[in-house]
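# With the sequence up front, the predicted model follows.
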Amino acid sequence: MKSVVFASLGLAALLAGMPAASAKTLVYCSEGSPENFTPAINTTGTTFDAARPVYDRLTEFKRGTTEVVPGLAESWNVADGGKTITFHLRKGVKFHGVKDFTPTRDFNADDVLFSIDRQWKEDNPYHNVSGGKYDYFSDMDMPDSLESVTKTDDYTVVVKLKEANTPILANFAMDFMAIGSAEYADFLLKKGTPEQFDQVPVGTGPFYFVAYQKDSVIRFKKNPDHNFGEKALVDDLVFAITPDDTARYAKLKAGECHVNGYPRPADVAEMEKDSSLKVVHEPGLNIAYWAFNMTKPPFDNKDVRMALSMAIDRDAIIKDVYLGAGEKAKTLIPPTMWSYDDKIVDLSYDPEKAKAMLAAAGVKTPLDIDLWYQPVQRPYNPNGKRIGEMMQADLAKIGVNAKLVTFEWGEYRKRLQNAEDDTGQMGWTGDNGDPDNFFFLLGCPDGKPAGNNIPKWCNAEFNDLLAKARAIPDQAERAKLYARMQEIEHDEQPELLIAHSIVYEAMRANVEGYKQSPLGTHAFQGVDVK
């Protein structure tokens, strides 16, 4: 198959150019622009969503669930006490084509090795392309988990682990483990344009990439060669990039888009009354938190962190911002996830005690701090600015002057990861259904905070338990370790855990087959427009 890459077409032009008659188009009103189209070098749901139609992975999450099912690997065997995984790959899987590149072979083991080695091995020619940062690969401890990845033939890949790692089969189903074309990579390297690999994606997925106009529109077409799993049921898939939640709602009502993954909570009741729309919801595997940068005093003092946390009225935030569609968080993981420890005693809102604790810790008021707020809407954080304003008002009551700060989303995340903030809002939606996928956020491999460890908090016992839990196959035993980790995190208070939210999504009534994902992802294979 060969597709053509367009560089500068607007949404109207794209839609106008689509074939009429029986051709079907599904338009998704996305909330932001992707950084690129290679999941391995990103950490945001926005970018993962934009690349997901193009790629498959060795294992997959059954759409709408956290169940791990076969993907590009049609089966696998686990041996050697859980330290050896042998993947048996599908045959006859075709790669997409793009302008100037037509694949000459089917998917095979070389593509798996390339996709892993790019992230893992510094001598891979693509390792440093596009910045060479693989935060997900590192934060999921893949470098410390993998002993070797080899092929025994073109359709058999053997992964040897240093230690048994129970969640790793789910890791292989995550976006950062998307399998790209090694042949395409070689072609671009010889051409002298390796960066194109990350901007014009080639995969084996249910849709192939056609065009991207920055901050405006992404266009995909159905891949007729996709021969396993769920198929694309529409001919054209369009991402209409619409950051403003009010504009997304207007487009949905006008029929200009079919799915809105991030409706404003205040609009949900009205949406539910509209017969031309339908709304779905479920408890989210998510957490919103306010992190304290422990590389800067006085946030390195546990009593100060506790005092600041007790100054925040989370009940008011949940009522005003989440509109009741959330609950106060007392551990990193939501109550719907196994190993949740309900015995943890939640922090109380107590501004007078908070003021006394600050004084006892030697903090003189007024204290000036920065409070960074999220610039984008997320299910776990419907309105970062409003939450920031409410926190600012609460902090003022204990003599803390909080200056509100934000940046463009990519810059915001980068600066938080670089510990440039005093305090900052952040959050997480679990993406493999395992508690490890939340606790790793506070991981410190080799004693150093991982990229997603926003508070830069390292606790030796917590990190030791994190590693031990990965090596134990028995869920009940893992749950005991996670219960202790929840106690440690609660006692140390590296961040104020704000809320777990209920996640809403809205769509046109004629959309069929869409399944809300507990992982917060948006996938459009198996989705039809009647």
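Alright, I've got the coordinates. Numbering: from 1, shown residues only.

# Only C-alpha atoms from now on, for both contacts and neighbour counts.
Noted.

# Could you list the low-confidence segments of the stretch 1-150 of the chain?
Counting by pLDDT under 70, the stretch 1-150 of the chain shows low-confidence ranges at 1-22.

# ok, now the chain?
Applying pLDDT under 70 to the chain flags residues 1-22.

# what about the longest strand in it?
Secondary structure of the chain per DSSP state E: the longest strand is strand 495-508.

# Name every strand pairing with the helix or strand following that one and say which way it goes.
Per DSSP states H and E, the first helix or strand lying C-terminal to strand 495-508 is strand 511-512. In the sheet, strand 511-512 lines up against strand 528-529 (antiparallel) (DSSP bridges).

# Mind listing residues that contact the strand it pairs with?
24-26, 233-234, 510-514 (CA atoms under 8 Å, 6 or more residues apart in numbering).

# try 7 Å
26, 233-234, 510-513 (CA atoms under 7 Å, 6 or more residues apart in numbering).

# Against D117, how distant is V68?
Remark: distance between V68 and D117 (CA to CA, to the nearest Å) = 23 Å.

# thinking again about what came up before, pull out the buried residues from the contacts of strand 528-529.
26, 233-234, 511 (16 or more other CA atoms under 10 Å).

# any chance of the contacts of strand 528-529 in TSV, plus distance to D154?
TSV is the format used below for the contacts of strand 528-529 (distance: CA to CA, whole Å):
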residue	distance to D154
L26	36
L233	31
V234	33
N510	43
V511	40
E512	38
G513	35
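
# of those, closest to Q486?
Nearest to Q486, judged by CA to CA, of the contacts of strand 528-529 is G513 at 37.4 Å.

# ok, and the closest non-adjacent residue to the closest one?
Leaving out its chain neighbours, the residue that sits closest to G513 by CA to CA, 6 or more residues apart in numbering is V527, at 4.6 Å.

# Assess the claim that the one you found and K515 are in contact.
No. Using CA atoms under 7 Å as the test, V527 is too far from K515 to be in contact (8.3 Å).

# Would you map the strands across the stretch 1-150 of the chain?
25-30, 59-61, 68-70, 73-79, 84-89, 146-153 (DSSP state E, counting those that start in this stretch).

# just checking, what packs against the third one?
The contact analysis (3 or more CA pairs under 7 Å, 6 or more residues apart in numbering; DSSP states H and E) places strand 68-70 against strand 59-61.

# Also the fifth one?
Based on contacts counted as 3+ CA pairs under 7 Å, 6+ apart, the elements that strand 84-89 packs against are strand 73-79, strand 156-161.

# Check the offset of the longest one from the chain's centre.
Put plainly, it is strand 73-79. Computed by CA atoms, centre = their mean, to the nearest Å, the separation of strand 73-79 from the middle of its chain amounts to 26 Å.

# So what are the sheet partners of it and their directions?
When sheet partners are counted by DSSP bridges, strand 73-79 sits next to strand 84-89 (antiparallel).

# Can you give the contact residues for the top helix by length along the chain?
In terms of residue count, the longest helix belonging to the chain (DSSP state H) is helix 475-492. For helix 475-492, the external contacting residues (CA under 7 Å, 6+ apart) are 302, 331, 339, 341, 344, 462, 465, 469, 472.

# contacting residues around T38?
51, 198.

# hang on, the earlier thing: now the contacts of helix 475-492 in TSV, with distance to V210 and neighbour count?
Listed next are these as TSV, based on distance: CA to CA, whole Å; neighbours: other CA atoms under 10 Å:
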residue	distance to V210	neighbour count
K302	52	15
T331	43	27
S339	43	21
D341	47	21
I344	50	14
F462	46	23
L465	46	16
A469	43	22
I472	44	17
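
# Going by distance to T166, which of the residues you listed wins?
Comparing these against T166 with CA to CA places I472 closest, at 6.6 Å.

# ok now do that closest one, which residues does it touch?
With CA under 7 Å, 6+ apart, I472 has these contacts: 166, 478.

# what's the answer for I218, then?
Contacts for I218 (CA under 7 Å, 6+ apart) come out as 211-212, 238-240.

# Mind listing residues that contact the helix or strand hosting L169?
Using DSSP H and E, L169 sits in helix 168-171. If you take CA under 7 Å, 6+ apart as the criterion, helix 168-171 is touched by 68, 432.

# at 6 Å what do you get?
Here helix 168-171 makes contact (CA atoms under 6 Å, 6 or more residues apart in numbering) with N432.

# ok, now stretch 176-195?
39-40, 55-57, 111, 114-115, 203.

# what would these look like in a markdown table with distance to H500 and neighbour count?
Formatted as a markdown table, those follow (distance: CA to CA, whole Å; neighbours: other CA under 10 Å):
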| residue | distance to H500 | neighbour count |
| --- | --- | --- |
| P39 | 25 | 27 |
| A40 | 27 | 24 |
| Y55 | 30 | 25 |
| D56 | 30 | 22 |
| R57 | 29 | 24 |
| D111 | 38 | 19 |
| F114 | 37 | 21 |
| S115 | 34 | 21 |
| G203 | 34 | 25 |
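
# Dihedrals phi and psi, S309?
In terms of degrees, to the nearest 10, the main-chain angles of S309 are phi -60, psi -40.

# and it, what does it touch?
Residues near S309 by CA under 6 Å, 6+ apart: L496.

# my guess is L72 contacts L58, does it?
Yes. The pair formed by L72 and L58 meets the contact definition of CA atoms under 6 Å, at 4.4 Å.

# burial of N463, as a residue count?
For N463, the neighbour count with other CA atoms under 10 Å is 19.

# whoops, F239 was the one
Residues contacting F239 under the criterion other CA under 10 Å number 24.

# Kindly report the same for K191.
Counted with other CA under 10 Å, the neighbours of K191 add up to 9.

# Report the separation between it and D100.
For K191, the distance to D100 equals 10 Å [CA to CA].

# picking that back up, between the contacts of stretch 176-195, which is nearest P263?
Checking these against P263 by CA to CA gives P39 as the nearest, at 24.6 Å.

# check contacts around the closest one.
Neighbours of P39 in contact, by CA under 6 Å, 6+ apart: 48, 175-176.

# Okay, and which of these map to helices?
F48.

# got the contacts of P39 as a markdown table, with neighbour count and distance to A359 columns?
Formatted as a markdown table, the contacts of P39 follow (neighbours: other CA atoms under 10 Å; distance: CA to CA, whole Å):
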| residue | neighbour count | distance to A359 |
| --- | --- | --- |
| F48 | 24 | 45 |
| D175 | 27 | 47 |
| F176 | 23 | 46 |
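
# Output the contacts of P39 in a markdown table, with distance to G81 appended to each entry.
Putting the contacts of P39 into a markdown table (distance: CA to CA, whole Å) gives the following:
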| residue | distance to G81 |
| --- | --- |
| F48 | 33 |
| D175 | 27 |
| F176 | 26 |
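
# Show me the contact partners of stretch 40-49.
With contact meaning CA under 6 Å, 6+ apart, stretch 40-49 is reached by 34, 39, 133-134, 176, 522.

# what two of those are the furthest from one another?
Maximum pairwise distance among those (CA to CA): 24.3 Å, between K133 and H522.

# Tell me which of those two has more neighbours.
Each of K133 and H522 has its neighbours counted (other CA under 10 Å); H522 has more, 23 against 15.

# Could you look up the SS state of the more buried one?
Secondary structure, DSSP: H, G, I helix; E, B strand; the rest coil: H522 is coil.

# phi, psi of it?
Geometry field for H522 lists phi and psi as phi -130, psi 120, criterion degrees, to the nearest 10.

# The closest residue to it other than its chain neighbours and M337, how far apart?
Counting by CA to CA, 6+ apart, D49 is the residue found nearest to H522 once chain neighbours are left out, at 6.0 Å. Here D49 is placed at a distance of 23 Å from M337 (CA to CA).

# And I116, by the same measure?
Distance of I116 to M337, given as CA to CA: 29 Å.

# Neighbour count: those two, which is higher?
I116 (20 against 13).

# Chain neighbours aside, what residue packs nearest to that one?
Spatial nearest neighbour of I116, chain neighbours left out: M177 (7.3 Å); criterion: CA to CA, 6+ apart.

# okay, now that neighbour: neighbour count?
M177 has 23 nearby residues by other CA under 10 Å.
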